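Colleague: fold the following and give me the result.
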Amino acid sequence: MHFPLFLDDINEPAYDHHDAEQFKRWYASIDQPHRARIMKAFKATHVDVVLSGHLHNHRIDVVDGITFIKAPATNKPQWSDYWPDSRPEVGFMRFDVTESQLTPIFVPLNRIAQVAGYGPSGHPRPEQRNYSQAWVK
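Modeller: Numbering: from 1, shown residues only. Take a look at the predicted model:
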């Protein structure tokens, strides 16, 4: 999935995107009640691993036996000051797969491009986004 299901805790509150202090957290995860609905589906279908991106920072959390891997990005690091134990460097995830195991391996990039983005952390503000093609009907 693109957005991580949560940042720090599966039971964290919904964040207010109108509050400047909460905007980054709101933009980076999935609010309730959607988070609970997705987690319920993961448990019902015996999901073992959930891979997400969006944060441009590598971190692994385990909740109720499910491993949540927040994957890095190849264009630029972000959230380097949020989790002291994360890996904000750029790179990608490689997964070694056997019959009994899935092993995530972070692979750092050898070269890094420096391209400027737009908005906070290179992303558009909510009022600049156009979701007109994405609405559920």
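Colleague: run through who's touching the longest helix anywhere in the chain.
Modeller: Counting residues, the longest helix found in the chain (DSSP state H) is helix 34-44. The set of residues external to helix 34-44 that reach it, using Cβ atoms under 8 Å, 6 or more residues apart in numbering, is 5-6, 10, 29-30, 50, 63-64, 66. Glycine gets a C-beta too; all of them are placed from N, C-alpha and C.
Colleague: and the helices in this structure?
Modeller: Under DSSP H, the chain gives helices at 20-28, 34-44.
Colleague: and for the residue most central in space within the chain, nearest residue in space, chain neighbours not counted?
Modeller: The centroid of the chain falls nearest to residue 4 when counting by Cα atoms, centre = their mean (3.4 Å). Excluding the flanking residues, the one nearest residue 4 by Cβ to Cβ, 6 or more residues apart in numbering is residue 52, at 4.2 Å.
Colleague: so what sits opposite the one you found in the bridge?
Modeller: On the basis of DSSP bridges, residue 52 is bridged to residue 70.
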